[in-house]
Every structure is written in structure tokens, then in C-alpha cells.
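[1] need a structure here:
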Amino acid sequence: PELKSGESALPPPESWMGEEGRQRFYHGITSFILELSSRHPLVCCFGDVHWADEGMRGFLTFLARALLAREGAEELHNLLLLVTYRDETASAEDFFSWLSSPGVRHIALRGLSPRDIKELLHSMLAATELPEALSDRISRETMGNPFFVEELLEALLEEGKILQTDQGWIPAGTAVSCHL
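    Numbers count the residues shown, from 1 in each chain. The predicted model follows:
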């Protein structure tokens, strides 16, 4: 924060230690984000913050509060702060309390339905038929998260747990054929 154009000396390292140093760091990054957004449209995306460590959570809380304090200010017209997290993790934590502040828009995404998952699997496997047990299990295991559906299916294919046969896609161990 103290660095201006033309200055080359950094404050001594001990001045960045502790809570005061952490707050100065948060302020510096926040000022940088505001400066960038005053010149160009800017999207700041922080994903999976339910897994963030204490430092990141502290910074996001600082940033959110600083932005909310400036709500309606001209400098924010070019800035979008996008934060993704899992609802079931966030509901019990104080860190997410600023999400219910005025000026924050919350968009809840729901998981795919079992029917949607079945359609996704059909599309991914280019299959017309799939065992009902397979799509049901993937639906249960992934809780409707499309990313998890894709990752689980990929793992099942790589591990040879589902196979493509003349009869279509089947769980490994159920294919029985005999050639004489």
C-alpha cells in the first residue's frame, strides 16, 4: 500500500508480520483490485471457498466488507466478485455471514436430477441403454454434481468397472459370453 510509482524501497519485513501486516496486505490487494476495475471491467473469481484456509477467508471477508461499504460507488460499476462454495459447508460458518448482506446477490445452483444424470451419462457414453442401477448409483454418489458425475464415470471406465459390450454398457463382471 505504501508503494507509489517511483518508490523502490519496501517496508522492513517485520512490518508485515502479525495482524497489522495482514490487514495492510489485505488493504493493498483490495486497492489493487479497485484500481484495476476503475480502468477496465474486472471479474474476480474465487472458487471452492469452502476449502479456503484462514488467510484466504480473512482476505475475502475484508474484500467483501470493503466492497459492500462502497456499494453504489462509481468505482464498482466495472467489478464483479464471484465466489463459489458448497451450501452445506457454508451454512454453519460465520465466515459466510457477509453473503447475506444487502448488495450481495446469491444464486443457488441445485444438483442434477436423477433423470438429468441419466441423460448426461447417455450423452457421455453415446449409449441408448444403460443399466438403471448404474445411473442410480452414480446419482447417489455424486449428489447431482455434474463435475462429479463426469469424474466418477471417467474413473469407472479407467478402472474397467463398466464395460461396453454388444449388449451396451454393463458393470464389469456381469458380461457372460462363451464361444465354441
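
[2] what stretches of this protein score poorly on pLDDT?
    For the chain, the stretches flagged by pLDDT under 70 are 1-17, 73-75, 88-96, 99-100, 167, 170-180.

[3] so where's the longest helix in it?
    Selection of the longest helix in the chain by residue count, based on DSSP state H, yields helix 18-39.

[4] could I have it exported to CSV, CA atoms only?
    Below are the C-alpha coordinates for helix 18-39, written out as CSV (Å, rounded to 0.1, in the frame of the first residue of the first chain):
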residue,chain,number,x,y,z
GLY,A,18,1.1,-10.2,12.7
GLU,A,19,-2.4,-8.9,12.4
GLU,A,20,-1.4,-5.3,11.4
GLY,A,21,0.7,-6.7,8.5
ARG,A,22,-2.1,-9.0,7.4
GLN,A,23,-4.5,-6.1,7.3
ARG,A,24,-2.0,-4.0,5.3
PHE,A,25,-1.7,-6.8,2.8
TYR,A,26,-5.5,-7.2,2.5
HIS,A,27,-5.8,-3.4,2.0
GLY,A,28,-3.1,-3.4,-0.6
ILE,A,29,-4.7,-6.2,-2.7
THR,A,30,-8.1,-4.6,-2.3
SER,A,31,-6.8,-1.3,-3.5
PHE,A,32,-5.1,-3.0,-6.5
ILE,A,33,-8.4,-4.7,-7.4
LEU,A,34,-10.3,-1.4,-7.1
GLU,A,35,-7.7,0.4,-9.2
LEU,A,36,-7.8,-2.3,-12.0
SER,A,37,-11.6,-2.2,-12.0
SER,A,38,-11.6,1.6,-12.4
ARG,A,39,-9.8,1.2,-15.7
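
[5] going by neighbour count, list what's buried in it.
    For helix 18-39, burial by neighbour count (16 or more other CB atoms under 10 Å) applies to 22, 25-26, 30, 33-34, 37. All C-beta spots, glycine's among them, are computed from the backbone N, C-alpha and C.
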